[in-house]
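# A structural model of the following input is requested.
(one chain, ligands or ions: 3)
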Amino acid sequence: MSSSKRIAVIPGDGIGKEVIPNAIEVIRASGAPVEFTAFDWGADRYLSDGITVPPDGFQMLARDFDAIFVGALGDPRVPTNIHAKEILLNMRFKLDLYANVRPVRLLDSSLCPLKNARPDNVNFTVIRENTEGVYTNMGGSFKLGTPDEVATQEDINTRKGVERVIRFAFEHARATGCRKVLISDKSNVMTFAGDLWQRVFKEVAQEFPDIQPQHMYVDALCLQMVREPRALEVIVTNNMFGDIITDLAAALQGGLGMAASGNIHPGRTSMFEPVHGSAPQIAGKNVANPMGAILTGAMMLAHLGLNAQAQKVENAVLEAVRAKKTTVDVGGPLGTRECATWIAERVAK
Ligand code: NAD
Ligand code: IPM
Ligand code: MN
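Ligands and ions are numbered 1, 2, ... in the order given. Presented below is the predicted three-dimensional model:
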């Protein structure tokens, strides 16, 4: 029996179909003992046979694979976005991948739009709750299409869901040598959910006396992320705020093309995807930045215990950034393929 890690690959739509094969080339170059199995879930498949996720698809992923590597889902030909909901959001929900870990690391000053920013000033992690909040699609319409129409969209916060993601954030802080965990919310307005998060946060913080608990409203946090990101270490927040602040955080790192993420349930098959979407306007043109996907691949390797290979990949991305062997969105002259090939060659050395 082989001891390789089995990785399911879902490139998905748009630039996902470009960045993922390129990131795989880099992972292969690292010599990591991994086997990839590709799945065609995405808009093309949905438009051809109506299937988003085949029957038992999620059980199969959890049973047969050690990790899942995803590109992006979203296609203008599917305006309802139904396939993205069924594939991406349901993967998070059905595999119960409750912690969306989004590291924010500036690799080189040249990438950051902030004046005088240095890599050691932008180095924090957002832990986004990933299975609840307004993403549960609960709510409804009443008197639809009439002048009296009412729409509700529920924000679901369970004691269990809140507690486990907060504990994950503290454990993550401890494991990575961070001294602070900051909870971010709108508890001044969303008082019921805010009260639950705040109480649980205070309780869980007591289990971690070595870590300083902090709070900031999410609007103030946005200001802080731009004015003084150096103060941030680990941020824990709900599903929607986490989504929004990680696009802002991506800008600090050089844009969406640079940002990596993992959707984690400790001990279970977890899923790794760059933060960016399918970017239909630039899809198929060999211009998408593959670094977010490559760094996501490194995160996945580290999660699988392949730390040496993960480090090699991260080092090579850093070298590429410093040598300006990058795509145009971050100021370099290369195409997607050329950038990834440069990195793969470095990794293989
Ligand atoms: P997007 O992330 O696709 O693009 C936002 C902007 O960033 C665009 O200008 C795009 O060109 C640029 N960009 C993104 N990734 C890039 C990369 N790797 N290299 C260079 N530039 C890059 O977000 P959007 O335009 O809001 O959404 C497009 C589609 O993707 C929608 O259908 C959306 O629902 C979907 N989406 C999917 C995911 C996911 O699957 N994880 C995430 C976000 C958006
Ligand atoms: C992300 C994306 C998704 C989200 C969309 C595509 C549903 O923006 O992964 O950040 O909102 O979670
Ligand atoms: Mn997003």
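
# Residue 138: neighbouring residues, count only.
Residues lying near residue 138 (other CB atoms under 10 Å) number 12. C-beta: built from backbone N, CA, C; applies to glycine.

# Which residue is the nearest non-sequential neighbour of it?
Of all residues not flanking residue 138 in the chain, residue 154 sits nearest, at 4.1 Å (CB to CB, 6 or more residues apart in numbering).

# That neighbour and residue 200: what is the separation?
For residue 154, the distance to residue 200 equals 19 Å [CB to CB, to the nearest Å].

# In terms of packing, which of these two has more residues around it?
Taking other CB under 10 Å, residue 154 and residue 200 do not tie; residue 200 has more neighbours (21 against 12).

# Please identify the buried residues of the helix or strand hosting residue 92?
Residue 92 belongs to helix 90-94 when assigned by DSSP states H and E. Neighbour-count burial for helix 90-94, counted by 16 or more other CB atoms under 10 Å, picks out 91, 92, 93, 94.

# Then stretch 157-172?
For stretch 157-172, burial by neighbour count (16+ other CB under 10 Å) applies to 157, 161-172.

# Test my guess that residue 102 contacts residue 128.
Yes - using CB atoms under 8 Å, residue 102 is in contact with residue 128, at 6.3 Å.

# Now, the buried residues of stretch 157-172 that are in helices?
161, 162, 163, 164, 165, 166, 167, 168, 169, 170, 171, 172 (DSSP state H).

# Residue 112 touches residue 255, doesn't it?
No - look at residue 112 against residue 255 with CB under 8 Å: they stay out of range, at 10.1 Å.

# circling back: and the next element down the chain from the helix holding residue 92?
Following helix 90-94 toward the C-terminus (DSSP H and E): strand 99-105.

# circling back: as CSV, the ones in helices among the buried residues of stretch 157-172 with pLDDT and distance to residue 139 would be great.
Compiled in CSV, those are given as follows (pLDDT from 0 to 100; distance: CB to CB, whole Å):
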residue, pLDDT, distance to residue 139
161, 98, 18
162, 98, 20
163, 99, 24
164, 99, 24
165, 99, 22
166, 99, 25
167, 98, 28
168, 98, 27
169, 99, 28
170, 98, 32
171, 98, 33
172, 98, 31
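
# which one among these gets closest to residue 78?
residue 161 (29.0 Å; CB to CB).

# Please name the nearest non-neighbouring residue to the closest one.
Distances taken as CB to CB, 6+ apart place residue 132 nearest to residue 161, at 4.6 Å, with adjacent residues excluded.

# same thing with residue 51?
Among residues not flanking residue 51 along the chain, residue 45 sits closest, at 6.1 Å (CB to CB, 6+ apart).

# what does residue 188 give?
Among residues not flanking residue 188 along the chain, residue 217 sits closest, at 6.3 Å (CB to CB, 6+ apart).

# Quick check: mean pLDDT of stretch 136-146?
Stretch 136-146 shows a mean pLDDT of 97.
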